[in-house]
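**Q** Fold the following for me, if possible:
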Amino acid sequence: MLRRTKILATLGPATDAPKILEAIIRAGVDVVRLNFSHGTEEEHRTRVKLVRECATSQGRAIGVLADLQGPKIRTHRFRAGRVFLQEGAPFILDADMAPDAGTVEGVGITYKALPQDVQVGDTLLLDDGRLVLVVEDVIGPQVICRVWVGGELSDKKGINRQGGGLSAPALTHKDREDIRTAAELGVDYLAISFPRSADDVLEARALLRAAGGHGAIVSKIERAEALNDLEGIVKASDAVMIARGDLGVEIGDAELPGVQKRIIRMARDMNRVSITATQMMESMIKNPTPTRAEVLDIANAVMDGTDAVMLSAETAAGSYPVQAVQAMARICLGAERQRETQRSKHRIDSHFESVGEAIAMATMYTANHMDVSAIVALTETGFTPLLMSRIRSGIPIFSLTRHEATRRRVTLYRGVYPVRFDVKYDNPTLVIQDAIDTMLNRGAVREGDLVILTKGDFTGISGRTNVMKIIRVGDPIFPEEQE
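**A** Numbers count the residues shown, from 1 in each chain. Model prediction:
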């Protein structure tokens, strides 16, 4: 059984050794993530080069996602490295304080507009909500707070306003520089941190294209106000990431499960890819096995229909990166055995907007109601396999294409597997036979298997899929009628 849900793993010091990187790819990584919040440009370049080499050596297509840092809304540093804030004690967030002068009485902040963005009575959450401050006054550059929930606070911890509303722009100067780097590296996906509206997504896409990049755009849903324009953000994006850390802090834990399900459903309805991220297997940073709660979290996301699940520090800095990937792959496969992941009524009552969409939907519903072993899609851009992957099914979709960029892009699509295939013939019948032979040689199909193949009448032209053929492997392929 091929795993349909894709695994996105973050690179870092724990994966820099070539043997470890090779091992996590072998264990099931489909896409790697470069976290531009950490590491140097040279480190990112080295990692991309190594990924490409490892992928080639294993005969794999591995996508690369670059994740922009976004606005840094954090505390500065403390003189002693950390302090303990007592419940009920006063504490000041000071936009003018020196970066390394923090004490138990107050600390500097990276986000200088915070005093303008908050007002008396606001709740501020520090370190992913572990500490809670209530704003009592704002005097010049100082936000004067009272500690509501205390605890240890160390350097460079995040600050969120409960309910959202901080005005920091989604794209910083560093992000703009990093977009140019991402374009030079030829990344397949660019993730935008903290977008507030569709305009932020469109701006990032324009900057990437201007820099010569062709990657798809991923919007990270992590601000409360992003939910006010969720449909617009999803429509402007190629994929969305449910970044549950900051999002959960801003909207509250109780609201997060429903929002996660809503985003996955909306992405599927709008033919976009969804990634579920943050703390999926956090215990495996230090432990070789996941908790039962983590197992259920991953399985629920899979059964909800997410395209991909993501590992962060588990692979970037954890002690067990290979085991984390292996465990995630095992859990995804277990969840995918459930019947609800293999049957779909998605779009059954909808009007199809194009011939290609009609072919894709007909293919999936036919496959789900026959003993079909595989779906073979000859594609230029990967769009037809994307449409197919929106339908729940247990049948693998093989995306046959000559374009390396397309093969890497489809690595994030649920249930889609890239295959290198170049059209060698003008005769359509020979093209189809060559595609079937390719699948036979890979061991993906056997003599007697029923296969559905889709293609366009004119090869090499994108957006022209208009043919669906049901083929018994080994039977003669009848010539197609030509216009």
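**Q** Which residues does stretch 114-126 contact?
**A** Outside stretch 114-126, the residues that touch it by C-beta atoms under 8 Å, 6 or more residues apart in numbering are 73, 75, 93, 95, 131-138, 140-143, 145, 148, 153, 157-163, 165-167, 249-250. Using the backbone N, CA and C atoms, a C-beta is placed for each residue, glycine as well.
**Q** Let's see that with 7 Å instead.
**A** With C-beta atoms under 7 Å, 6 or more residues apart in numbering as the test, stretch 114-126 has contacts from 75, 93, 95, 132-138, 141-143, 145, 153, 157-162, 165-167, 249.
**Q** Repeat that for stretch 436-446.
**A** Contacts to stretch 436-446, defined as C-beta under 7 Å, 6+ apart, come from residues Ser373, Ala374, Val376, Phe398, Leu400, Val419, Phe421, Val451, Ile471, Val473.
**Q** Take those residues and keep only those in strands.
**A** Judged by DSSP state E, strands contain the following of the contacts of stretch 436-446: Ser373, Ala374, Val376, Phe398, Leu400, Val419, Val451, Ile471.
**Q** for the stretch 351-483 of the chain, what are the low-confidence residue spans?
**A** 351, 458-463, 480-483 (pLDDT under 70).
**Q** one more time with 90
**A** Judged against pLDDT under 90, the low-scoring parts of the stretch 351-483 of the chain cover residues 351-358, 423-428, 456-466, 476-483.
**Q** same deal with the chain?
**A** Counting by pLDDT under 90, the chain contains low-confidence residues at 1, 72, 128, 164-168, 338-358, 423-428, 456-466, 476-483.
**Q** Can you pull up the most central residue in it?
**A** With distances taken as C-alpha atoms, centre = their mean, the residue of the chain nearest its centroid is Ile275 (3.8 Å).
**Q** Can you flag the buried ones in the contacts of stretch 114-126?
**A** 75, 93, 95, 132-133, 135, 138, 141-143, 145, 153, 157-162, 165-166, 249 (16 or more other C-beta atoms under 10 Å).
**Q** mind listing which of those residues are in helices?
**A** Among these, the residues falling in helices (DSSP state H) are Val249.
**Q** Mind putting the ones in strands among the contacts of stretch 436-446 into JSON lines with neighbour count and distance to Glu105?
**A** As requested, the ones in strands among the contacts of stretch 436-446 are exported to JSON lines (neighbours: other C-beta atoms under 10 Å; distance: C-beta to C-beta, whole Å):
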{"residue": "Ser373", "neighbour count": "18", "distance to Glu105": "68"}
{"residue": "Ala374", "neighbour count": "21", "distance to Glu105": "66"}
{"residue": "Val376", "neighbour count": "27", "distance to Glu105": "67"}
{"residue": "Phe398", "neighbour count": "26", "distance to Glu105": "62"}
{"residue": "Leu400", "neighbour count": "25", "distance to Glu105": "64"}
{"residue": "Val419", "neighbour count": "19", "distance to Glu105": "62"}
{"residue": "Val451", "neighbour count": "22", "distance to Glu105": "70"}
{"residue": "Ile471", "neighbour count": "20", "distance to Glu105": "75"}
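**Q** Which single one of the residues you listed is nearest to Val29?
**A** Val29 has its nearest neighbour among these in Val419, at 18.3 Å by C-beta to C-beta.
**Q** any idea how far that closest one is from Asn228?
**A** In this view, Val419 and Asn228 are 41 Å apart by C-beta to C-beta, to the nearest Å.
**Q** isn't Ala308 right up against Lys6?
**A** Yes - taking contact to mean C-beta atoms under 7 Å, the distance of 4.1 Å between Ala308 and Lys6 places them in contact.
**Q** Tell me which of the buried ones among the contacts of stretch 114-126 fall in strands.
**A** Short answer: those in strands (DSSP E) are Leu93, Val132, Leu133, Val135, Val138, Gln142, Val143, Cys145, Leu153, Ile159, Asn160, Arg161.
**Q** of all the residues you listed, which two lie farthest apart?
**A** With distance counted by C-beta to C-beta, no two of these lie farther apart than Val138 and Leu153, which are 20.3 Å apart.
**Q** residues contacting the closest residue to Val149 other than its chain neighbours?
**A** Beyond its immediate neighbours in the sequence, the residue positioned closest to Val149 (C-beta to C-beta, 6 or more residues apart in numbering) is Val132, lying 3.9 Å away. Contact analysis of Val132 by C-beta under 7 Å, 6+ apart lists Thr123, Leu125, Trp148, Val149.
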